[in-house]
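Q: Structural data only, the sequence is not supplied:
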């Protein structure tokens, strides 16, 4: 099965590499990219109005303007959007347990440390498959 994926990362190189791994995994039929939280929120609002939902979000934890956690709070507050139906994967260079726990408490489902590799992306999509079965 393939999914619509939104990748949110302010680092263009990291975003390029992440997209490459997501595409190679075979799990994505479309990968949208946003370089900031506000841009990602706009993409999601457009997807809501177009009735084309995002299935998976890969979210950089530490971004300028709004952090990953702040993004999740704003995302949860959107009208006509159910954050519980989207699998959210946090990406971060930080291995700070408190930061990771806070992001998971804000609504993320999974964590992958940077730098990413193909195996971590593949395992995350496998987690999504299990999560989705349990959700429905």
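A: Happy to help now that I have it. Quick caveat: nothing in here was measured; it's all calculated off a predicted structure.
Q: Which elements pack onto the least confident helix or strand in the chain by mean pLDDT?
A: For the chain, the helix or strand with the lowest mean confidence is helix 97-105, at a mean of 85 (criterion: mean pLDDT, DSSP states H and E). Helix 97-105 sits against helix 68-76, strand 87-92, strand 110-113, with contacts defined as 3 or more Cβ pairs under 8 Å, 6 or more residues apart in numbering; DSSP states H and E. Quick note: C-beta positions are derived from backbone N, CA and C, even for glycine.
Q: how near is residue 106 to residue 135?
A: According to Cβ to Cβ, to the nearest Å, residue 106 stands 18 Å off from residue 135.
Q: do residue 30 as well
A: Remark: distance between residue 30 and residue 135 (Cβ to Cβ) = 21 Å.
Q: Let me know the angle separating the longest helix along the chain from strand 87-92.
A: Among the segments of the chain that qualify as a helix by DSSP state H, the longest is helix 118-135. If you take axes from the mean of the first three to the mean of the last three Cα atoms, to 10 degrees, helix 118-135 sits at 150 degrees to strand 87-92.
Q: what about the residue lying closest to residue 84 once chain neighbours are set aside, neighbour count?
A: Nearest residue to residue 84 in three dimensions, chain neighbours excluded: residue 135, at 7.6 Å (Cβ to Cβ, 6 or more residues apart in numbering). For residue 135, the neighbour count with other Cβ atoms under 10 Å is 10.
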